[in-house]
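*Asks:* make a model of this:
(chains A and B)
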There are 2 protein chains.
Amino acid sequence: MNNTNNTLKKIALDGWNTQITRANKLIDGLTDEQLLHEVAPSRNSGLYLLGHLTAVHDAMLPLMDLCEKLHPEMEEVFIKNPDKSSLQKPSAKQVRENWHQVNTHLTQKMEALSGEQLLDKHNSVSAEDFEKEPHRNKLNIIIGRTGHLAYHLGQMAFLKK
Amino acid sequence: MNNTNNTLKKIALDGWNTQITRANKLIDGLTDEQLLHEVAPSRNSGLYLLGHLTAVHDAMLPLMDLCEKLHPEMEEVFIKNPDKSSLQKPSAKQVRENWHQVNTHLTQKMEALSGEQLLDKHNSVSAEDFEKEPHRNKLNIIIGRTGHLAYHLGQMAFLKK
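*Replies:* Predicted coordinates:
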């Protein structure tokens, strides 16, 4: 069933790459000023959502046992705290750079996994629990995070004039 | 590898059911008046997005070879035309009813498929093309539409006060 595993890998990574490509097209087409706007009145700014997505994608690296986070400093500002916290945020330029760097690195590492490896457990489930719940695998992480990206991308689309 | 197929089915349907449950919680908690609002200034109304999602999910029934559409009349208003067309829309009550009816029916039919059946081709690919592109299967439809739902759900979340 090696063929089935390759098919699954293609489905998961095509879905991921489609959303990343859409996101890049949107973000690269926005000025820094547009990115700093709230996506809707009294909602998160584009910068916060981009930082949030970057931090969540960065956390996929250790979760999928690929490597350490590239930007662990982003978690505090963009995951543990809301947009309207008093914490200083990195610049739009810096967040854009981190976004592209994290996704490029992460996507390369995911593409290098075999279909079989995608069915292996991720790092927040014990070997014992994974015996009983084999769906808690790396494939599930990719599909889940693709949905998370789509959710916020729908919101960030409102930054476009 | 029957176990792998069951794992895949669980991943795909858990992801689907998670988004449907989130959507129902949001929508059932909104008044009809809230649903009629635009999700952000000059953007689609909640009613249009709910109708759009309903029509797209309804189209999954024939696409996955499960049965005919339950509400083929929704395609014209909610897929082929934009929110600001001159077409008369069904009431909020009607769209809510269709939404729940379509999803209940569709989810039951999807749950009844085996993991193997989810790897079968969907109805917009020929048998010949499917030979070369085995990822164009029913599983791919479910995962793709789950992402589509998440995209618009991120927007509809703004209807909440």
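
*Asks:* around chain B, pick out the residues from chain A.
*Replies:* Chain A comes close to chain B at residues A:1, A:3-5, A:7-8, A:10-12, A:14-15, A:19, A:39-41, A:43, A:119, A:134-135, A:137, A:139-140, A:143-144, A:146-148, A:150-155, A:157-158, as judged by C-beta under 8 Å from any C-beta of the partner chain. The way it works is simple: take the backbone N, C-alpha and C, and place the C-beta from them, glycine included.

*Asks:* A:N81 contacts A:L87, doesn't it?
*Replies:* Yes - the pair A:N81 / A:L87 is scored as a contact, 5.6 Å apart, by C-beta atoms under 8 Å.

*Asks:* in chain A, where's the longest helix?
*Replies:* helix A:2-28 (DSSP state H).

*Asks:* same for it, what does it pack against?
*Replies:* Applying 3 or more C-beta pairs under 8 Å, 6 or more residues apart in numbering or on different chains; DSSP states H and E, one finds that helix A:2-28 contacts helix A:92-111, helix A:115-118, helix A:138-156, helix B:2-28, helix B:138-156.

*Asks:* recalculate using a threshold of 6 Å.
*Replies:* helix A:115-118, helix A:138-156 (3 or more C-beta pairs under 6 Å, 6 or more residues apart in numbering or on different chains; DSSP states H and E).

*Asks:* how about that helix, which residues are buried there?
*Replies:* For helix A:2-28, a neighbour-count test (16 or more other C-beta atoms under 10 Å in any protein chain shown) marks A:4-13, A:15-16, A:19-20, A:22-23, A:26-27 as buried.

*Asks:* pLDDT on that helix, on average?
*Replies:* Regarding helix A:2-28, the rounded mean pLDDT is 95.

*Asks:* how about the spatially most central residue of chain A, what does it touch?
*Replies:* The centre of chain A sits closest to A:H57, judged by C-alpha atoms, centre = their mean, with a distance of 3.1 Å. For A:H57, the contact set (C-beta atoms under 6 Å, 6 or more residues apart in numbering or on different chains) comprises A:V102, A:L106.

*Asks:* run the last query once more with 8 Å
*Replies:* By C-beta atoms under 8 Å, 6 or more residues apart in numbering or on different chains, the contact list for A:H57 reads A:V102, A:N103, A:L106, A:R145, A:L149.

*Asks:* got JSON lines for those, with neighbour count and pLDDT too?
*Replies:* Shown next, in JSON lines, are the contacts of A:H57 (neighbours: other C-beta atoms under 10 Å in any protein chain shown; pLDDT from 0 to 100):
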{"residue": "A:V102", "neighbour count": "23", "pLDDT": "98"}
{"residue": "A:N103", "neighbour count": "21", "pLDDT": "98"}
{"residue": "A:L106", "neighbour count": "22", "pLDDT": "98"}
{"residue": "A:R145", "neighbour count": "20", "pLDDT": "98"}
{"residue": "A:L149", "neighbour count": "26", "pLDDT": "98"}
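
*Asks:* possible to save these as a markdown table with distance to A:L113?
*Replies:* Output for those, formatted as a markdown table (distance: C-beta to C-beta, whole Å):
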| residue | distance to A:L113 |
| --- | --- |
| A:V102 | 17 |
| A:N103 | 16 |
| A:L106 | 11 |
| A:R145 | 15 |
| A:L149 | 19 |
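
*Asks:* quickly name whichever of these is closest to chain B.
*Replies:* A:L149 (8.4 Å; C-beta to the nearest C-beta).

*Asks:* hang on, the closest one packs against A:L53?
*Replies:* Yes - look at A:L149 against A:L53 with C-beta under 8 Å: they come within range, at 6.1 Å.

*Asks:* please enumerate the shared neighbours of these two.
*Replies:* Common neighbours of A:L149 and A:L53 (C-beta under 8 Å, 6+ apart) are A:A23.

*Asks:* kind regards, and thank you for your time.
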